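Student: Provided below are the primary sequence and the corresponding predicted coordinates.
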Amino acid sequence: ALPSPIATPTVNKDKSDGEPPLKKTKLESSLPPPPTSSTMNGIEILIQVIAPYRKKQPETDLDTELLENACIAMSSCISFSVPNMTAFLDAQGVELIIRCVKERVHAGGCGLKLLDFFDEDQVYKQGAERVVTASGLKFLFPIFLGNRIPKPWSTPTTPKAKREWFHSIKTQTVRIFYALALQLDDSSPEDAKARFLAKFAGEDMKYCDRLVELLFEYDERVRKAEFNFYRSSDVDESLVAEDDLALAVMEAKLKAGGDVYYRVGAITAYVAANSKKCHERILSQLHLQQSGISLIKGALIDFRSSLKNGRQKQFIDALLDLI
């Protein structure tokens, strides 16, 4: 015999008193609870992972790995994400990293990447301005010269490890300075732009000299990489499309430090264009090496060719017009 059909119960909409509460369906039961004000977001959690190491070194390999992974994760979170970057600023993330740099601890070295605010949204401009207003220049410029480098949690046992640590710090400092040059303008609070430029114009112009020194160093690296690429027996220009060949050359340059070279060129152009005193010093240092302003322009032109249309490309175009 066929089963009898299931009867559908009738519901008295006008009567609610005394009715048993309806049971949640399986789907409704599996839904996450609504967020509450006590729920912590990911940025706050990462800040709390980094914060204990603002004045001390990690004690074990596990602690070091946790700290470095937190910095990498934070860098990924705040890149190209306005809400995450806003949360980072609200949690005083910039001040935390500057404190780590001041104390010269491991967190200061691996956290420098969190001060590289090059994106186009206004909140990244605010981040760059915060680096200046929170007294970050006081600690970043000595690092730019190779002094007061944050110490790794354990002494590197090989010369290669020492070079890699120092190179990572130097590279990241250049990236921060490039972001400051890109973001700071006359509307920045507390004369942030003027304070940044004043550092290059003061103290015997040693920071201008350092720019020229780095420019020659990385120009040589990039030129050598390009020469070695074309010299390689694996490359047959007649069998490679022009666009593919240009991309391959660009990749070889970037591996040799082209990213740093382009940014050093942009910083040098920015400083020379905004300070007559710096312009004269930079030009004199170039002449001492039997070079000239064309060295800076060459770096800018190569940099421009690697950029998509946007604020950075407009910035480079403006520098080319000024120098």
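Tutor: Perfect, I can see it now. Residues are numbered from 1 along each chain as shown.
Student: going forward, measure contacts and count neighbours with C-alpha atoms only.
Tutor: Will do.
Student: okay, stretch 297-308 in CSV with CA atoms only?
Tutor: Extracted in CSV, the C-alpha atoms of stretch 297-308 (Å, rounded to 0.1, in the frame of the first residue of the first chain):
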residue,chain,number,x,y,z
LYS,A,297,67.5,60.1,-16.8
GLY,A,298,68.5,56.6,-18.0
ALA,A,299,67.3,55.0,-14.8
LEU,A,300,64.0,56.9,-15.0
ILE,A,301,63.4,56.0,-18.6
ASP,A,302,63.9,52.3,-17.9
PHE,A,303,61.7,52.6,-14.8
ARG,A,304,59.0,54.2,-16.8
SER,A,305,59.0,51.4,-19.4
SER,A,306,58.2,48.9,-16.6
LEU,A,307,55.2,50.8,-15.2
LYS,A,308,51.6,50.7,-16.1
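Student: ok, residues contacting it?
Tutor: 261-263, 265-266, 313, 316-317, 320, 323 (C-alpha atoms under 8 Å, 6 or more residues apart in numbering).
Student: again, only using 6 Å
Tutor: With contacts defined as C-alpha atoms under 6 Å, 6 or more residues apart in numbering, stretch 297-308 is touched by 262, 265.
Student: and it, how far out from the chain middle?
Tutor: Relative to its chain's centre, stretch 297-308 lies at 19 Å (C-alpha atoms, centre = their mean, to the nearest Å).
Student: so which bits of it are buried?
Tutor: Of all the residues in stretch 297-308, those buried under the rule 16 or more other C-alpha atoms under 10 Å are 297, 299-300, 303-304.
Student: so where's the stretch 101-250 of the chain uncertain?
Tutor: For the stretch 101-250 of the chain, applying pLDDT under 70 flags the ranges 156-157, 233-243.
Student: go with 80
Tutor: Along the stretch 101-250 of the chain, the model assigns pLDDT under 80 to residues 155-157, 203, 226, 229-250.
Student: all strands for it, in order.
Tutor: Applying DSSP state E, counting those that start in this stretch to the stretch 101-250 of the chain gives no strands.
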